[in-house]
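Chemist: show me the folded form of this:
(one chain, ligands or ions: 1)
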Amino acid sequence: MCGIVAYIGSRKASPIVIKGLKRLEYRGYDSAGIALIEDSSLSIYKKKGKVTDLESHLGNLNPQSTICIGHTRWATHGEPNDVNAHPHFSASGNLAIIHNGIIENYSSIKTDLQNKGYEFKSDTDSEVFIYFIEDIQKRNNCSLEEAVRLALIKIVGAYAIVILSEDSPDTLIAARKGSPLVIGIGKNEFFLASDATPIVEYTNEVVYMNDQEMAIINKDNLIIKTTQDVETTPYIQTLDMELDTIEKGGYDHFMLKEIFEQPRSVGDCLRGRLNADTGHLVLGGIREYANKLENTDRILIAACGTSWHAGLVAEYFIEEFCRIPVEVEYASEFRYRNPVIKEGDVMIAISQSGETADTLAAIELAKSKGAIIFGVCNVVGSSIARASHEGAYTHAGPEIGVASTKAFTAQLTVLFMIGLRVAHRKGTISEGQYRELLVEMEQVPSKIAKALQLNEQIECIADLFKDARNFLYLGRGYNFPVALEGALKLKEISYIHAEGYPAAEMKHGPIALIDEEMPVVFIATNDSSYEKVVSNIQEVKARKGKVIAVVTEGDTLIPEMAEFVIEVPAIHHALMPMISVIPLQLLSYHIAVMRGCNVDQPRNLAKSVTVE
Ligand code: G6P
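Modeler: You can find the predicted model right below:
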């Protein structure tokens, strides 16, 4: 989704901004642009397509400007083209804006401005925003800073904006509500971005802007104030992110790197929190409200996409071990269906980015009704992390590939730790079971590493199925959400239609699709539904479907039925999703590569979905 990068300081600004835009490419976008000051006048360069198209458009230009704002746009209002790309000029051409988010009342503001004679060039709400600001400045004869503030009070919707003015070529004005904005603090220079990835190579000191805050920045000074005109002291945090975590490190794609990082990312997630020898299991971020979690009558889980699948796995685990009813909600549905939430309800909100607009809105709704929110986020300092009462980070490191992989296993790791701790403290599992699960949890990284050794075998299978038009993924129990996740991974990056189903539901519909053309991936590891899944495999075979089965090492029955068998290491059934998902991630990766798809930036998708 849209990305913002800006720089002010003493260096040549545009190369820094363009490099930053490339760092944000993973968020998903369809056009890119920059604005800077050249020979005392404000210039904008923008182009539909990739940042490299923008670079070609710039050609041999070598702007010397030490101030620059840049943007990658993911279209909402108006199709992706050069005109709708950001930055946008104000009516006079004296101001330029980059904007992430959606202005909900833009249409009435636009009509008012049109009635005053303004003519717009683009279809975007963002252009309306900057015209509006300029009009306020003219009418009130006030400073730009004050005009921005007055406009923000009238604007309904979400925004992160940065404004550059020809009349104040040494100042940037930024603001945020609902869309993320981070300010990196250098030595007499500042970097602004939608997340920390473009900033990390220059400084690790950052300020995460809060909602309803504005920043007025020149190269020597940063002022932050609220839209109510109250100056606040910026809270400077130190980034815990290394440059190599946002680079490919020898892999062909970020997605493959991230798949192979999982033994380490799950290990990082467990480190210092769980120790099977001592029976230690502590999540530092869950303290004050821990008793609410243990004593609640029910747990709501709100999430989207892959994070929602992690929530489904957690439902199985929490219900089995904690004996607390769990409802897993698509955040986008939950927020609009007038849900029943009562004081003291507990919501676990799961989000890799911590910026997903629907999940954030679900949190705000639940909070307004008195629920306690536990956030499970990957991005430190993200909006969801900050909107939660308490929570635990997944510590998976930056996830750049749009298709989520290591975030999923890290989310499961945190969710299991939360559930296990609750079960232990409630006494809904025995000490023996608790100790056994701790030992099993500690083995997850090495078992993921073992599952990754299947890579070559899976590449061969991918080659045979790369031209399939449809795929079906089936699993039961803990492996049902894994089937959903496997299907999501495949459709996201290879554009092959894929559906995940509970294996037993197949006979209520999907079985009609099965013929010799239909590959069916069974996640059929050794658990209590194993025999029932074996019967489902038989049903597929009887209709000539091609079976690819993920089984537990040593299985002797399924290899006699399935065309292809992928053996993963044995583990406690509740932890199996962290292992059984690995071959499915690899399968979708290889199929997508073989089909020539852009694995890391699949069409139409965004990594961080900051609009509803
Ligand atoms: C987007 C991404 C998915 C992700 C979902 C939820 O659709 O492409 O990979 O699962 O958003 O994102 P979150 O950051 O909240 O986990």
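Chemist: mind listing what the closest residue to the ligand within the stretch 1-150 of the chain touches?
Modeler: Going by C-beta to the nearest ligand atom, the ligand is nearest to residue 28 of the stretch 1-150 of the chain, at 7.5 Å. In short, each C-beta sits where N, CA and C put it, glycine included. Neighbouring residues of residue 28 by C-beta atoms under 8 Å, 6 or more residues apart in numbering: 1, 74, 402, 601, 604-607.
Chemist: name only those of the residues you listed that count as buried.
Modeler: The neighbour-count test (16 or more other C-beta atoms under 10 Å) marks 1, 74, 402, 601, 605-607 as buried among these.
Chemist: return only those of those residues found close to the ligand.
Modeler: The residues of the buried ones among the contacts of residue 28 that also fall near the ligand, by C-beta under 6 Å from any ligand atom, are 402, 605, 607.
Chemist: now the helices for the stretch 251-400 of the chain?
Modeler: Ranges of helices within the stretch 251-400 of the chain are 254-260, 262-270, 290-295, 305-322, 331-334, 357-368, 383-387, based on DSSP state H, counting those that start in this stretch.
Chemist: can you spell out which helices and strands pack onto the fourth one?
Modeler: The elements that helix 305-322 packs onto, with contact taken as 3 or more C-beta pairs under 8 Å, 6 or more residues apart in numbering; DSSP states H and E, are strand 299-303, strand 326-330, strand 346-351, helix 406-426, helix 479-494.
Chemist: mean confidence score for the third one?
Modeler: The reference is to strand 346-351. For strand 346-351, the mean pLDDT works out to 98.
Chemist: returning to what we had before: with respect to the ligand, which of the helices of the stretch 251-400 of the chain lies nearest?
Modeler: helix 305-322 (2.6 Å).
Chemist: buried sites along that closest one?
Modeler: Applying 16+ other C-beta under 10 Å to helix 305-322 flags 305-318, 320-322 as buried.
Chemist: circling back: dump the ones next to the ligand among the buried ones among the contacts of residue 28 into TSV; add distance to residue 545 as well.
Modeler: Shown next, in TSV, are those (distance: C-beta to C-beta, whole Å):
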residue	distance to residue 545
402	30
605	29
607	34
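Chemist: for residue 184, which residues make a bridge with it?
Modeler: residue 191, residue 206 (DSSP bridges).
Chemist: for whichever strand or helix holds residue 44, packing partners?
Modeler: Element membership for residue 44 (DSSP states H and E) is strand 41-48. In terms of contacts (3+ C-beta pairs under 8 Å, 6+ apart), strand 41-48 is packed against strand 31-38, helix 51-58, strand 88-89, strand 95-100.
Chemist: buried set for that strand?
Modeler: 42-48.
Chemist: before we move on, what about stretch 246-258?
Modeler: 246, 253-258.
Chemist: ok, now which ones touch residue 300?
Modeler: By C-beta under 8 Å, 6+ apart, the neighbours of residue 300 are 326-327, 329, 334, 341, 345-348, 366, 371.
Chemist: ok, what's across the strand from it?
Modeler: Beta-bridge partners of residue 300, as defined by DSSP bridges: residue 327, residue 347.
Chemist: for residue 358, see how far away it is.
Modeler: Distance from residue 300 to residue 358, counting by C-beta to C-beta, to the nearest Å: 14 Å.
Chemist: so what pLDDT did residue 179 get?
Modeler: Per-residue pLDDT puts residue 179 at 89.
Chemist: ok, it - how many residues close by?
Modeler: 27 (other C-beta atoms under 10 Å).
Chemist: surely it meets residue 100?
Modeler: Yes: counting by C-beta atoms under 8 Å, residue 179 does reach residue 100; the two are 4.5 Å apart.
Chemist: mind listing the shared neighbours of those two?
Modeler: Residues touching both residue 179 and residue 100 by C-beta under 8 Å, 6+ apart: 2, 159-160, 194, 610.
Chemist: nearest to residue 425, out of the helices of the stretch 251-400 of the chain?
Modeler: When these are compared by C-beta to C-beta, helix 290-295 sits nearest residue 425, at 5.4 Å.
Chemist: give me the spatial nearest neighbour of the residue of the stretch 1-150 of the chain closest to the ligand, chain neighbours excluded.
Modeler: Nearest residue to residue 28, sequence neighbours excluded (C-beta to C-beta, 6 or more residues apart in numbering): residue 606, at 3.4 Å.
Chemist: next one: residue 394
Modeler: Nearest one to residue 394, counting by C-beta to C-beta, 6+ apart, is residue 410 at 3.7 Å.
Chemist: before we move on, what about residue 382?
Modeler: Here the residue nearest residue 382, using C-beta to C-beta, 6+ apart, is residue 354, at 2.4 Å.
Chemist: isn't the one you found up against residue 384?
Modeler: Yes: counting by C-beta under 8 Å, residue 384 is a contact partner of residue 354 at 4.1 Å.
Chemist: does any bit of the helix or strand residue 593 falls within sit next to the ligand?
Modeler: Here residue 593 sits within helix 576-594, counting by DSSP H and E. No: judged by C-beta under 6 Å from any ligand atom, helix 576-594 stays clear of the ligand, getting no closer than 12.0 Å.
Chemist: please save the CA atoms from that helix in CSV.
Modeler: Output in CSV follows, covering the C-alpha atoms of helix 576-594 (Å, rounded to 0.1, in the frame of the first residue of the first chain):
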residue,chain,number,x,y,z
MET,A,576,2.2,-29.4,13.6
PRO,A,577,0.8,-26.3,11.7
MET,A,578,4.3,-24.7,12.2
ILE,A,579,5.8,-27.6,10.4
SER,A,580,3.2,-28.7,7.9
VAL,A,581,2.9,-25.2,6.5
ILE,A,582,6.6,-25.2,5.4
PRO,A,583,6.2,-27.5,2.3
LEU,A,584,3.1,-25.5,1.3
GLN,A,585,5.0,-22.2,1.4
LEU,A,586,7.8,-23.8,-0.7
LEU,A,587,5.3,-25.3,-3.2
SER,A,588,3.6,-22.0,-3.9
TYR,A,589,7.0,-20.3,-4.1
HIS,A,590,8.4,-22.7,-6.7
ILE,A,591,5.2,-22.8,-8.8
ALA,A,592,5.1,-18.9,-8.8
VAL,A,593,8.7,-18.7,-9.9
MET,A,594,8.2,-21.3,-12.6
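Chemist: what segments of the stretch 501-612 of the chain are helices?
Modeler: 530-542, 576-594.
Chemist: who are the packing partners of the last one?
Modeler: Helix 576-594 sits against helix 254-260, helix 406-426, helix 431-452, helix 455-465, helix 479-494, strand 519-523, strand 546-552, strand 564-568, with contacts defined as 3+ C-beta pairs under 8 Å, 6+ apart.
Chemist: can you rerun that using 6 Å?
Modeler: Packing partners of helix 576-594 (3 or more C-beta pairs under 6 Å, 6 or more residues apart in numbering; DSSP states H and E): helix 254-260, helix 431-452, helix 455-465, helix 479-494, strand 564-568.
Chemist: thinking again about what came up before, now the ones next to the ligand among the buried ones among the contacts of residue 28 as TSV including pLDDT?
Modeler: Formatted as TSV, those follow (pLDDT from 0 to 100):
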residue	pLDDT
402	93
605	87
607	84
